[in-house]
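1. can you look at this prediction? I've put the sequence above it.
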Amino acid sequence: MGNQVARHKAVAAEKQRLQELQQSGGLDFPGSDFRAAGAAQRKEWMGSLDLDRVHVKDVMWPGTHDSATNKIGIPGISRPFAQCQTLSVYEQLCLGVRVLDIRVEGSGRVCHGVLTTYKVDVVIDDVKRFMAETKQEFVILEIRTEFQKVDPPDFEKFLIAQFGDLLVPQDANIVDRSLRELLPHRVLCIWRPRNSPAPSPGSPLYSSGFLKDNWIDTDLPATKFDSNLENLRKQQPNSVRRFFYRVENTVTPQVSSVVLCVYPVTTRIKPFARLFVSQVFKQGLLDNLQIFSTDFVEEDFVDICIGVTMARHSA
């Protein structure tokens, strides 16, 4: 009981520290005043950019963590322990999300830890549906085999067959390409197998080296907030870095804690997305921030990323 009380106090103290920083530091950064006019603008926000002038590295890509967990587990029983999103992949894309984090296991089902949900075909169909409804939107699709699981058989061939000409061909200098140069290809697919060979140079799929992050397993919001800042500080600016770098505005339930459901834990840091970007700006790191990701994505989070992208574009 004493450990649980101490844990509760630590969480409360960390949330208070972030709240005080928010009250004293403000939430301004280039693009912070952007608010999308409505659903249609978010659905096709990339198409409103000057595709000739905006390069892949110029975009602040809004992403989701464990993107395909909206129907995982049993509602009210196991789902709260693994669900990180309530929207389907298609709904997220229509909301403006452009980076997806998909975990799979040997049978081809999406999973989060030990829990599974629908087949990965559902994700693929959602992406293809969105692509069919838009003309100039781009998606980074990261698919990995979950920890301690085996790869679905012949999965690289399966992905290539499913997406076909939508796939952006592997390119060591992808971050330097203008968005116009990518067309008509619009899906940049990163495949991270566990026991199969990684995509080789020349494959239509990208290997894990093209997308990196620094994950710390904690449920303490200020600890994660500070770690995200410190790790971002160690990165080169987008103009120099040759790979995508992701920052996740998330925290994770801990087995040592009494609170094991994802939603109440991740809401400890979720409201501080604007604070994080404002601190990144004040510390001169805004040009290092490239992929920004969250649990339970909402409109305001997407607007942060669109706003920063448009501010970079107009600078």
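-> Done, it's in.
2. show me what counts as buried in the helix or strand harbouring residue 16.
-> Element membership of residue 16, judged by DSSP states H and E, is helix 2-25. Using 16 or more other Cβ atoms under 10 Å as the test for burial, helix 2-25 gives 7, 11, 14-15, 18, 21-22. In short, each C-beta sits where N, CA and C put it, glycine included.
3. what sits against the spatially most central residue of the chain?
-> Centroid-nearest residue in the chain: residue 63, 2.7 Å away (criterion: Cα atoms, centre = their mean). The contact partners of residue 63, taken as Cβ atoms under 8 Å, 6 or more residues apart in numbering, are 97-101, 140, 246, 248, 291-294.
4. so which of these belong to strands?
-> Judged by DSSP state E, the subset of these located in strands is 99-101, 140, 246, 248, 291-294.
5. and the two most separated of these?
-> Across the ones in strands among the contacts of residue 63, the longest distance by Cβ to Cβ is 15.0 Å; it joins 140 and 294.
6. looking at residue 54 now. What's its pLDDT?
-> At residue 54, the predicted lDDT confidence score is 97.
7. could you check how far it is from residue 311?
-> According to Cβ to Cβ, to the nearest Å, residue 54 and residue 311 sit 12 Å apart.
8. find the nearest non-adjacent residue to residue 145, please.
-> The spatial neighbour of residue 145 that comes closest, neighbours along the chain excluded (Cβ to Cβ, 6 or more residues apart in numbering), is residue 194 at 4.2 Å.
9. could you give the number of residues near the one you found?
-> Burial measure for residue 194: 14 neighbouring residues, criterion other Cβ atoms under 10 Å.
10. could I get the full set of strands for the stretch 201-315 of the chain?
-> When assigned using DSSP state E, counting those that start in this stretch, the strands of the stretch 201-315 of the chain occupy the ranges 211-213, 244-249, 291-294.
11. can you name every helix or strand that the second one contacts?
-> Same thing as strand 244-249. strand 61-64, strand 211-213, helix 221-233, helix 273-282, strand 291-294 (3 or more Cβ pairs under 8 Å, 6 or more residues apart in numbering; DSSP states H and E).
12. residue 39 is nearest to which of the ones you listed?
-> Nearest to residue 39 among the helices and strands packed on strand 244-249 is strand 61-64; the distance by Cβ to Cβ comes to 14.9 Å.
13. what mean pLDDT does the following helix or strand past the closest one get?
-> Per DSSP H and E, strand 61-64 leads on to helix 89-95 as the next helix or strand towards the C-terminus. The pLDDT scores in helix 89-95 average 98.
14. same question for helix 89-95: list its buried residues.
-> When neighbours are counted by 16+ other Cβ under 10 Å, the buried residues of helix 89-95 are found to be 89-90, 92-95.
15. name the nearest of those relative to residue 50.
-> Distance to residue 50, by Cβ to Cβ, is smallest for residue 93 among those, at 21.7 Å.
16. the nearest residue to that closest one once chain neighbours are set aside - how many residues pack around it?
-> For residue 93, ignoring the flanking residues on the chain, the nearest one in space by Cβ to Cβ, 6+ apart is residue 130 at 4.3 Å. Neighbouring residues of residue 130 were enumerated by other Cβ under 10 Å; the total is 21.
17. same check on residue 195?
-> Close neighbours of residue 195, defined as other Cβ under 10 Å, add up to 9.
18. so it sits against residue 150, correct?
-> Yes. Shown here, residue 195 and residue 150 form a contact pair, counting by Cβ atoms under 8 Å, at 5.8 Å.
19. hmm, back to that, what about the residue nearest to residue 145, distance to residue 242?
-> Noted for residue 194: a distance of 24 Å to residue 242, by Cβ to Cβ.
20. repeat that for residue 44.
-> Summarising the geometry, the distance separating residue 44 from residue 242, computed by Cβ to Cβ, is 29 Å.
21. with residue 129 instead?
-> Counting by Cβ to Cβ, the gap from residue 129 to residue 242 is 32 Å.
22. equivalent analysis for residue 116, please.
-> 35 Å.
23. these two - which one has more neighbours?
-> For the pair residue 116 and residue 242, the greater number of neighbours falls to residue 116 (20 against 13), based on other Cβ under 10 Å.
24. that one looks like it's in a helix, true?
-> No. Residue assignment for residue 116, taken from DSSP: H, G, I helix; E, B strand; the rest coil, gives strand, which places it outside any helix.
25. burial of the closest residue to it other than its chain neighbours, as a residue count?
-> The shortest distance from residue 116 to any non-neighbouring residue, by Cβ to Cβ, 6+ apart, is to residue 109 (4.4 Å). Burial of residue 109 is recorded as 21 neighbouring residues (other Cβ under 10 Å).
26. and the pLDDT at residue 201?
-> For residue 201, the model assigns a pLDDT of 91.
27. one more: residue 181?
-> Reported pLDDT for residue 181: 98.
28. tell me who's in contact with it.
-> Counted by Cβ under 8 Å, 6+ apart, residue 181 has zero contacts.
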